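Asker: predicted coordinates and the sequence they were generated for:
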Amino acid sequence: MVDRPHTLILLGSPMLQCGEDDRAVAFPQKGFVLAALLRLAFDGRAPRAALADWIYGDTGETGALANFRQLLSRIQNRQAALGLDLFAVSRQDVRFARARTGAPAAGSCDVDRLLRAEVPRDAASLASLTSLYRGDLLDGIAGQGETLDAWIGVQRGRLRERFGELVLGGATALGGSVGQDALRRLIEVDPYREEAWRALITLRGRSQGLAAAEETFEHLRQRLDAELGTEPDAKTAELLYGLRRRAGPARSSRDAEASGDRRFVRLLDPPFQGLAARFEGRAAPPRSLGAGAQDTQTPKPDATRASTGSRGGSAPPDGDKSAPRGEGPNGAIAALATIAPKLCLLRPEVGAVDPMFAEFAEGLIEDVTLGLCRLRSIAVIAPHTARQIDRTSDAADRFAIRYLVESSLRSLAGRVRLSVRLLRVGDRVTLWAEEFDIAAGAPADHHRELSRSLVLALADRVEQAEFQRFETTREPSAYHQYLSGRRHLHRLDLPAVRRARHAFSRAADLAPDFVPALNGLARTLVLEWLLLARTEQDLLRQARRIAARAVDLDPFSGEALRELASASLFLGGLDEALAGLANAERLAPHHADILAEHADALTHSSELLPALRRIEKAIELNPLPPDDYLWKAGGTLFLLENYDEALAYLGRMKQGEPAYRLTAACLARAGRREEAAFYVEKALEDQPNFQISEWIATIPLRSPDHLAHYAEALNEAGFR
């Protein structure tokens with residue numbers, strides 16, 4: 001193939017340009033996604049299976065590979081028609097095609113140019129840089145699945161940050177109109193980056209005088225007030241105050257008075273009115289950060305872009321008169337942002353360590369951020385905003401952040417250690433701290449396990465702190481009622497389940513769109529049905545209605561999908577339950593509760609070995625497992641006729657009463673009839689009217705042989 005000159009554009013709306021005239025040509029949209037993955041996630045080469053999982057992970061392994069084969073076929077056909085060589089495909093992997101030996105590279109990519117760029121030293125280089133960044137990575141591409149959308153959002157933030165650093169360096173060094181134009185372009189891209197505003201205030205003040213600097217500051221103030229409900233931070237206000245002092249206080253105060261902006265005068269007059277009082281006593285939580293998305297990160301398409309307002313807005317013109325804009329959040333995202341406590345994971349302090357370790361630490365913190373988002377029980381500040389918050393700023397107050405996570409890398413005696421600590425913002429009390437060894441070249445499993453451990457530890461400590469706060473203040477809120485319900489579910493008995501339902505119900509009354517409370521409410525109804533061994537389905541139907549509402553509110557909530565599937569399973573919708581749990585597992589592949597529920601559904605579907613793998617994985621992820629994990633494991637092993645191992649799991653239950661029937665069945669089949677009779681007697685104390693035929697009729701087991709096996713074992717144990 002003769003490789004024609006071509007340019008791959010991934011910044012802004014993606015396109016492929018070919019030929020000497022850079023003509024835009026049609027190309028499969030997912031081909032651009034593939035290119036971004038190869039450039040930014042895989043160093044130019046990746047296994048086909050890994051790429052298929054990234055791009056088509058919501059279709060299952062077999063479907064993903066089949067769809068990916070079709071995509072590669074379309075790409076190869078299109079490449080042949082265009083006469084270019086962009087991707088090279090083998091049976092095992094996909095990579096970017098290399099130039100022939102001795103030949104110049106025929107293609108270029110704007111992302112490569114941005115990553116290789118240095119701080120511009122002349123006007124032409126700065127102008128070239130600003131024109132290079134046409135917009136955010138893969139602008140307009142969304143709906144690729146939660147994991148891929150979240151990854152794209154993180155990469156958008158990284159590339160936008162890279163662009164911002166280069167522009168700031170070049171613009172402040174060069175100054176003049178070219179520097180101002182570059183800063184205006186940066187503000188178009190990243191409108192809440194106050195560093196850029198401060199640089200523009202400085203340059204305009206230097207070249208056009210104090211009035212121009214004040215005009216720029218006022219534009220910033222109006223925009224932040226309208227769109228975020230906040231004020232410029234102290235550094236920005238201090239910058240303008242310094243400019244005014246150098247210009248002479250009388251003149252600057254008269255100018256501000258003449259504009260009719262008394263509030264502006266109060267803000268700037270010495271002694272600065274006390275920075276704490278400069279917002280006139282007004283609390284300033286963020287109302288909106290862009291197109292209907294609050295900067296409390298949930299895995300939604302383009303989360304990072306929404307958090308920074310980079311949405312094709314206009315930069316301030318010379319007169320800085322563009323009007324402020326903003327839209328409010330809605331639905332489940334708004335409920336989470338206003339009900340749950342806000343947590344911000346700050347950028348790690350890396351110190352004097354190898355850049356490889358610094359990169360690892362930053363990637364790890366972003367992974368932990370995304371993992372906390374998936375829990376849906378804590379509102380998490382998006383990575384792009386978190387990177388701009390330093391440990392001494394007042395941003396925590398401005399954005400109503402209640403908890404901060406600080407991390408740092410240090411090298412000691414040939415080892416690199418990552419220190420992580422969780423702080424309560426109000427009094428800077430350390431709630432939790434831990435250190436981890438970072439190994440060079442560690443496998444991906446090490447990274448995933450460390451990320452998962454941090455997610456679980458941080459979530460647990462935040463919830464503990466919130467519960468203690470509730471016990472101290474006794475001010476009931478939806479979130480605290482939700483936490484109370486969670487605590488009651490640590491016990492698997494009827495009184496605890498009913499107390500949990502009461503707490504979840506109160507939370508849902510206080511906040512009808514708070515999805516975690518609805519999930520908990522649905523779960524308690526299913527658990528009560530199981531504990532009572534009921535044959536009526538009213539509790540299950542009620543659980544399914546509540547879970548369906550939770551899914552409507554938050555389609556990306558793995559826990560909502562789990563509860564809907566669980567209720568559907570016991571209502572006889574086995575295939576519906578399996579599909580829902582497979583989707584939930586794709587959204588949260590390391591969520592132990594979802595893995596356990598999926599295992600249970602697979603057991604009922606008589607897919608016993610896949611079920612066993614999942615329940616063992618769930619217990620591995622949650623090594624001090626709740627009783628229902630052990631109950632599920634026992635049920636799977638019973639059907640596999642591994643009675644001794646089933647009894648070992650059931651024997652670990654703290655409250656074994658719910659599994660007395662299964663325990664008796666295992667003992668009977670293991671030939672231990674006297675022990676089985678003991679558990680039959682205990683089970684009948686709670687449910688004296690238990691009948692094998694009635695109970696078996698309610699169990700949604702796909703295999704008649706498995707159903708008969710369980711019925712025979714119950715009969716053998718002594719039930720009738």
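Answerer: In hand now; what should we look at? Here the structure is a predicted model, which is why all the values come from computation and not from measurement.
Asker: got the contact list for residue 675?
Answerer: Contacts for residue 675 (Cβ atoms under 8 Å, 6 or more residues apart in numbering) come out as residue 667. Glycine gets a C-beta too; all of them are placed from N, C-alpha and C.
Asker: who's in contact with residue 352?
Answerer: Counting by Cβ under 8 Å, 6+ apart, residue 352 touches residue 411.
Asker: tally of neighbours for residue 118?
Answerer: Residue 118: 10 surrounding residues under other Cβ atoms under 10 Å.
Asker: and it, what element?
Answerer: Under DSSP states H and E, no helix or strand contains residue 118.
Asker: show the pLDDT at it.
Answerer: Per-residue confidence (pLDDT) for residue 118: 94.
Asker: which one is it nearest to, not counting chain neighbours?
Answerer: residue 166 (7.6 Å; Cβ to Cβ, 6 or more residues apart in numbering).
Asker: please apply the same query to residue 616.
Answerer: residue 633 (7.5 Å).
Asker: who touches the one you found in this structure?
Answerer: Residue 633 neighbours (Cβ under 8 Å, 6+ apart): 599, 612, 615, 616, 619, 646, 649.
Asker: closest one to residue 342 out of the residues you listed, please.
Answerer: Closest approach between the contacts of residue 633 and residue 342, by Cβ to Cβ: residue 619, at 32.4 Å.
Asker: hmm, back to that, report the separation between the residue nearest to residue 118 and residue 11.
Answerer: 13 Å (Cβ to Cβ, to the nearest Å).
Asker: between those two, what contacts are shared?
Answerer: What both residue 166 and residue 11 touch, as defined by Cβ under 8 Å, 6+ apart, is the set residue 114.
Asker: state whether residue 565 is indeed within a strand.
Answerer: No. Counting by DSSP: H, G, I helix; E, B strand; the rest coil, one finds residue 565 to be helix, located in no strand.
Asker: got the contact list for the residue lying closest to it once chain neighbours are set aside?
Answerer: In space, and not counting its chain neighbours, residue 565 is closest to residue 580: 3.5 Å by Cβ to Cβ, 6+ apart. Going by Cβ under 8 Å, 6+ apart, residue 580 touches 561, 562, 564, 565, 568.
Asker: hey, where'd the strands end up in the stretch 1-150 of the chain?
Answerer: Ranges of strands in the stretch 1-150 of the chain, per DSSP state E, counting those that start in this stretch, are 6-9, 15-18, 23-25, 45-47, 87-89, 93-96, 107-109.
Asker: give me the mean pLDDT for the third one.
Answerer: On average, the pLDDT along strand 23-25 is 87.
Asker: of the contacts of residue 580, which is the most crowded?
Answerer: Going by other Cβ under 10 Å, residue 562 tops the contacts of residue 580 with 31 neighbours.
Asker: thought it was touching residue 581?
Answerer: Yes. Between residue 562 and residue 581 a contact is recorded at 6.4 Å, counting by Cβ atoms under 8 Å.
Asker: overlap of the contact sets of the two?
Answerer: 594, 597.
Asker: give me every residue that touches residue 520.
Answerer: Neighbours of residue 520 in contact, by Cβ under 8 Å, 6+ apart: 482, 485, 486, 489, 500, 503, 504, 507.
Asker: which one of those sits closest to residue 637?
Answerer: In terms of Cβ to Cβ, no member of the contacts of residue 520 lies closer to residue 637 than residue 489, at 24.2 Å.
Asker: now the residue nearest to that closest one when sequence neighbours are not counted: phi and psi?
Answerer: Using Cβ to Cβ, 6+ apart and skipping residues adjacent in sequence, the residue nearest residue 489 is residue 500, 4.8 Å away. With angles defined as degrees, to the nearest 10, residue 500 sits at phi -60, psi -40.
Asker: thanks a lot, see you next time.
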